[in-house]
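Student: Here you go, sequence then predicted model.
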Amino acid sequence: TLVPSPAAREVPMRRLVPFAVPFDVGCFQSAPPAPVAAPTPAVAAPATPDPSPAAALRQKYAERTALLHDAAEKGQLSLLTELLKQGADPNDKDDQGRTALHKAAAKGNRSAVIALLTYGADPGEKDLRGRNALHAAAENGQAACIAVMRSPDKLGALAGEAFKLGAGEAGKALGVNLDGAAERLGKLGTGLTEAVDADGRTPILAAAAAGHQDCLAALWSQNWGVDTAHRDKSGRTALMLAAAAGHTAVVEYLSQYSVMTDDKIALADPSGKTAEQLAEAGGHAAAAAALRKNLLIGAAAAGDVTLVDRLTAGTPPAELPGTLLMSHAAGSGHAALVRYLMARWKDEPRAEKEKLFDRGVTAIHQAAERGHTEAVRAMLDVDWWGGKDALLAQLRRKESNGGRTPAEYAEHWSSVRSAEAVALLRKTLADLGAK
């Protein structure tokens with residue numbers, strides 16, 4: 001007989017319900033406790049806005065800066081000027097570290113750039129990528145904005161132009177000292193063009209990589225020094241970047257400022273490719289051809305006979321830039337290269353020979369004026385000219401500007417330096433029976 005426990009006898013008897021499963025004594029034991037629900041996390045109360053005057057001022061300041069940036073980017077000159085008059089800081093930055101000047105320069109809003117500079121905007125301020133306002137203008141092809149930032153001495157006149165006022169009136173109308181703004185800008189000097197970004201690129205490299213020749217010309221203005229040999233973090237110069245991207249006009253422009261002599265022909269990036277090889281690898285045939293041509297001209301200017309011979313091997317004289325080669329060789333006083341070129345053209349028709357001297361100021365004019373007597377002597381070979389009449393025609397040929405023969409031209413511009421060359425020219429004329 002099953003006897004209930006004492007604890008069970010203390011509770012009222014309940015109606016017994018038969019079990020449909022085998023009876024288990026454990027049913028008389030205490031039931032396990034019900035699980036306890038996890039506490040509901042407390043919900044944070046909404047933050048109470050800071051009612052202090054300082055907080056209101058910060059909010060107003062942030063809104064004014066945002067308006068300033070928007071006006072600079074859109075070129076809204078009236079709004080921009082009004083905000084600057086109210087005290088908006090032209091050097092405040094957005095979340096990417098850009099100032100209003102970055103944005104105005106990138107969009108090509110020249111008048112906005114002028115206004116910002118007059119109120120003390122610093123073109124040397126860098127964004128989070130390390131780029132200043134010149135970088136922003138250079139990579140976006142805004143040459144006019146570069147010219148403004150590179151012309152501190154013209155800031156007053158530019159401000160007058162932008163606001164349709166005289167320079168003095170503009171300063172009064174804007175409430176700024178334009179002379180002081182120009183002085184601040186001038187003190188930055190070459191630091192602007194030499195600044196490097198996070199990729200190691202100067203504004204020159206940024207313009208070259210993007211293919212903006214007009215920006216390069218603006219960056220070169222006023223003879224401020226630039227370093228064409230500078231390499232970015234990828235190990236490439238401006239010329240290499242332009243060649244790799246196939247920017248032929250930029251390649252031609254930059255190669256004028258590069259020392260393209262034999263000791264530089266192997267100048268390569270870390271992968272071992274020269275500018276020409278980078279152009280060829282990218283399928284940019286025109287850029288590669290421009291590099292070869294300018295390398296050849298550079299070799300002629302340097303008097304490098306070996307390099308000129310290597311670069312022109314197998315090419316008929318008629319297909320070579322003979323006029324430029326002779327002008328550079330003679331004008332630089334490289335008599336050995338002058339003789340080499342004349343030997344290459346020796347068997348060409350007279351018309352082809354004359355093309356070597358087909359310039360407003362011929363190679364003979366140039367060599368004589370610079371006092372390169374041996375180069376002049378090399379060009380006075382009667383046999384090469386095919387007779388004295390052809391040579392006389394060259395010695396009587398007048399340059400395009402002042403209408404002077406080689407002897408007259410040299411004597412006019414540098415009588416002391418060219419004295420020996422002039423004497424040689426006059427003697428040759430006499431020997432040839434010239435009156």
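Tutor: Sure, I can see it. Numbers count the residues shown, from 1 in each chain.
Student: only C-alpha atoms for contact and neighbour calcs from this point on.
Tutor: Fine.
Student: and Glu408, how far is that from Glu399?
Tutor: When distances are taken as C-alpha to C-alpha, to the nearest Å, Glu408 and Glu399 turn out to be 10 Å apart.
Student: These two: who's more crowded?
Tutor: Higher neighbour count among Glu408 and Glu399: Glu408, with 21 against 17, using other C-alpha atoms under 10 Å.
Student: how far away is the more buried one from Lys187?
Tutor: Looking at Glu408 against Lys187, where the rule is C-alpha to C-alpha, the gap reads 46 Å.
Student: same thing with Lys273?
Tutor: Remark: distance between Lys273 and Lys187 (C-alpha to C-alpha) = 39 Å.
Student: what's the answer for Asp199, then?
Tutor: For Asp199, the distance to Lys187 under the criterion C-alpha to C-alpha works out to 26 Å.
Student: Counting neighbours, go ahead and name the busier of the two.
Tutor: Looking at Asp199 and Lys187 with other C-alpha under 10 Å, you find the greater number of neighbours at Asp199, namely 14 against 10.
Student: Could I get the contacting residues of the more buried one?
Tutor: Residues touching Asp199, when contacts are defined by C-alpha atoms under 8 Å, 6 or more residues apart in numbering, comprise 232-234.
Student: do the same with Thr428
Tutor: In this structure, Thr428 makes contact with Leu380, judged by C-alpha under 8 Å, 6+ apart.
Student: same question, Ala434
Tutor: By C-alpha under 8 Å, 6+ apart, the residues touching Ala434 are Leu392.
Student: Determine the three-state secondary structure at it.
Tutor: coil (DSSP: H, G, I helix; E, B strand; the rest coil).
Student: Buried residues in stretch 341-360, which are they?
Tutor: The neighbour-count criterion (16 or more other C-alpha atoms under 10 Å) identifies 341-342, 345-346, 352-354, 356-357 as the buried residues of stretch 341-360.
Student: Can you say which two of those residues are spatially most distant?
Tutor: Lys346 and Phe357 (14.2 Å; C-alpha to C-alpha).
Student: now the contacts of Asp199: which count as buried?
Tutor: Applying 16+ other C-alpha under 10 Å to those flags Asp232 as buried.
Student: quick one: contacts of stretch 125-135?
Tutor: In this structure, residues lying in contact with stretch 125-135 by C-alpha under 8 Å, 6+ apart are 91, 96-99, 101-102, 105-106, 123-124, 146, 149, 192-193, 195-198, 202-203, 206-207.
Student: Select only the buried ones of those residues in ChimeraX?
Tutor: A single ChimeraX command is used to select the members of the contacts of stretch 125-135 judged buried by 16+ other C-alpha under 10 Å:
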select :91,97,98,99,101,102,105,106,123,124,146,149,192,193,195,196,197,202,203,206,207
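Student: Convert the helix or strand harbouring Asp383 to CSV, retaining C-alpha atoms only.
Tutor: Using DSSP states H and E, Asp383 maps to helix 382-385. Listed in CSV are the C-alpha atoms of helix 382-385, where the atom choice follows Å, rounded to 0.1, in the frame of the first residue of the first chain:
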residue,chain,number,x,y,z
VAL,A,382,82.6,72.8,-100.5
ASP,A,383,82.7,69.2,-101.7
TRP,A,384,79.8,68.3,-99.4
TRP,A,385,77.7,71.1,-100.7
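Student: Pull out the buried residues from the next helix or strand after it.
Tutor: The element immediately downstream of helix 382-385 (helix or strand, assigned by DSSP H and E) is helix 388-395. By 16+ other C-alpha under 10 Å, the buried positions in helix 388-395 come out as 388, 391-392, 394-395.
Student: which residues of the stretch 101-250 of the chain fall in helices?
Tutor: For the stretch 101-250 of the chain, applying DSSP state H, counting those that start in this stretch gives helices covering 110-118, 133-139, 143-149, 155-162, 167-174, 178-188, 191-194, 203-210, 213-219, 238-245, 248-255.
Student: And those helices: which comes nearest Ala62?
Tutor: Set against Ala62 and scored by C-alpha to C-alpha, these come closest in helix 110-118, at 17.8 Å.
Student: So which elements touch that closest one?
Tutor: helix 77-85, helix 100-107, helix 143-149, helix 155-162, helix 178-188 (3 or more C-alpha pairs under 8 Å, 6 or more residues apart in numbering; DSSP states H and E).
Student: what does the average pLDDT come to for it?
Tutor: pLDDT averaged over helix 110-118 equals 92, rounded to a whole number.
Student: and that helix, how far from the chain's centre?
Tutor: Offset of helix 110-118 from its chain centre (C-alpha atoms, centre = their mean, to the nearest Å): 21 Å.
Student: ok and it relative to helix 100-107, angle-wise?
Tutor: Using axes from the mean of the first three to the mean of the last three C-alpha atoms, to 10 degrees, one finds that helix 110-118 and helix 100-107 are set 160 degrees apart in direction.
Student: Please export the C-alpha coordinates of helix 110-118 as PDB.
Tutor: This file holds the C-alpha atoms of helix 110-118, laid out as PDB (Å, rounded to 0.1, in the frame of the first residue of the first chain):
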ATOM      1  CA  ARG A 110      38.800  80.600 -60.300                       C
ATOM      2  CA  SER A 111      37.000  83.500 -58.800                       C
ATOM      3  CA  ALA A 112      36.300  81.500 -55.700                       C
ATOM      4  CA  VAL A 113      40.000  80.600 -55.400                       C
ATOM      5  CA  ILE A 114      40.900  84.300 -55.600                       C
ATOM      6  CA  ALA A 115      38.300  85.200 -52.900                       C
ATOM      7  CA  LEU A 116      39.500  82.400 -50.600                       C
ATOM      8  CA  LEU A 117      43.200  83.400 -51.000                       C
ATOM      9  CA  THR A 118      42.400  87.100 -50.200                       C
END
